[in-house]
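> Any chance you can model this:
(one chain, ligands or ions: 1)
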Amino acid sequence: MRKVSRIVLAATVMFAVVLSAAFAGGSKEASSSAGAGKIALLLPETKTTRYETADRPDFEAKLKEIAPNVQIIYSNANQDANLQLSQAEAALTNGAQVLVLDPVDSAAAAVIADKAKAQGVPVIAYDRLILNSTGVSYYISFDNVKVGQLQAQSLVNKLQSMGIAKPTIVMINGSPTDNNAKLFKQGAHSVFDPLVQAGKLVIAKEYDTPDWSPDQAQNEMQQALTALGNKVDGVYCANDGTASGAIAAMKAAGLNPIPPVTGQDAELAGIQRILVGEQYMTVYKAIRPEADAAAELAYDLLSKTPVPASMTDGQTVNNGKMDVPSVLLKPIAVTKDNIKDTVVKDGFWKVSQICTSQYAQACTAAGLQ
Ligand code: BGC
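Numbering: from 1, shown residues only. You can find the predicted model right below:
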């Protein structure tokens, strides 16, 4: 009896050991395959603050949450399209299974998407569309024509409220290689051009700004001021970086007050300039949902999980070669009046970040603290 029970016990223990080993093996296999892999995030530049302060950390945080074992290969191209090509090639060599690419040059990046496609690697065009390639699985961005319309309409409304009959404006657009810059410009012109034709507005100078460079924008504004004898009623700037350059040029030329200037990105410095009246408006684009959608899509593509139809709602954007399924988010115009209800409410910036001692008075006046 004792012998029998010992045998039973031994058999039970052995069974348990075998069973647990099988489970351990199974679960080990599950954890190494489930969620493992490599995704490359390729961002275009660092002078515009959003990429390092929002896009990258938001994307990394989301991916870490949904797939902690996935490795992110990160590169920033510093406005150099050739560097971005080699960064993308390095990522592919390194075993990236999905590329999330915000192209420095929307047309040149076709080479990257084509290469990835040839290797069976899906590409997500992040924020900027990749043109003329059949290798683009998704496009995630904002309604960028709307961005330009919001900027232009805010400027026009402001100039009207100032009672300027036929205002003279300067347009400082973004980089000619960025498809978004083209869309912002198109949106802005859709508002300005009918007024120009009706003799109610003058676009005295217009520039495309290579690399979205704030320094270049400053030079452009300086040239415009010289040519116009400092007579400028408003400045359309495509983003906060170019706005900073234009404002620096106007300050240097002694313009006081500085005429209304538009922007985009709700950069911290841009919000602070709005508070003290140096810049009139910016456009807030909530980066978190954009980066979250990119991380979710990238992981679905990596793990070959069907993408929920609700992600794109059937929306597509044509890139010259194909209709790319697209997620397009909504931009919001921000002036002094709604800083609190937009960027602060959303947690994009905390009051403590905006309202440093230098801005304390302006913050109180704007009801931020
Ligand atoms: C982005 C903007 C950014 C600009 C410069 C555009 O493609 O949409 O948010 O300010 O590039 O980097």
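> residue boundaries of the helices in the protein?
For the chain, the helices defined by DSSP state H cover 2-33, 50, 56-66, 81-93, 110-118, 144-161, 179-197, 214-228, 240-252, 268-275, 287-302, 351-354, 360-365.
> The ligand: which of these is closest?
helix 179-197 (3.6 Å; Cβ to the nearest ligand atom). All C-beta atoms are positioned from the backbone trio N, CA, C, and that covers glycine.
> is the closest one anywhere near the ligand?
Yes: using Cβ under 6 Å from any ligand atom, helix 179-197 comes into contact with the ligand via Asn180.
> Also stretch 77-90?
No: Stretch 77-90 lies out of reach of the ligand by Cβ under 6 Å from any ligand atom, never closer than 8.5 Å.
> go on, stretch 103-119?
No: interface with the ligand: stretch 103-119 contributes nothing (Cβ under 6 Å from any ligand atom), its closest point being 8.9 Å away.
> Show residues contacting that stretch.
Stretch 103-119 has contacts (Cβ atoms under 8 Å, 6 or more residues apart in numbering) with 44-45, 77, 79-81, 84-85, 88-89, 92, 99, 101, 122-123, 125, 128-136, 177-180.
> Turn the helices of the chain into a markdown table, including mean pLDDT and mean neighbour count.
Formatted as a markdown table, the helices of the chain follow (pLDDT from 0 to 100; neighbours: other Cβ atoms under 10 Å):
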| stretch | mean pLDDT | mean neighbour count |
| --- | --- | --- |
| helix 2-33 | 37 | 10 |
| helix 50 | 98 | 22 |
| helix 56-66 | 98 | 17 |
| helix 81-93 | 98 | 18 |
| helix 110-118 | 98 | 20 |
| helix 144-161 | 98 | 21 |
| helix 179-197 | 98 | 19 |
| helix 214-228 | 98 | 19 |
| helix 240-252 | 98 | 24 |
| helix 268-275 | 98 | 22 |
| helix 287-302 | 98 | 22 |
| helix 351-354 | 98 | 14 |
| helix 360-365 | 97 | 14 |
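> Which of the ones you listed sits closest to Leu328?
helix 144-161 (8.2 Å; Cβ to Cβ).
> which residue packs closest to Ala252, ignoring adjacent ones?
Among residues not flanking Ala252 along the chain, Gln222 sits closest, at 7.4 Å (Cβ to Cβ, 6 or more residues apart in numbering).
> coming back round to it: which among the contacts of stretch 103-119 count as buried?
Those of the contacts of stretch 103-119 that meet the buried threshold are 44-45, 77, 79-81, 84-85, 88, 92, 99, 101, 122-123, 125, 128-133, 135-136, 177-180, by 16 or more other Cβ atoms under 10 Å.
> what does the stretch 251-369 of the chain have sitting close to the ligand?
Within the stretch 251-369 of the chain, the positions near the ligand by Cβ under 6 Å from any ligand atom are Gln264, Asp265.
> OK, contacts around the closest residue to the ligand within the stretch 1-150 of the chain?
In the stretch 1-150 of the chain, the residue that lies nearest the ligand is Thr48 (3.7 Å; Cβ to the nearest ligand atom). Contact partners of Thr48, counting by Cβ under 8 Å, 6+ apart, are Trp212, Asn239, Asp240, Gly241, Asp265, Glu267.
> Lovely, talk soon.
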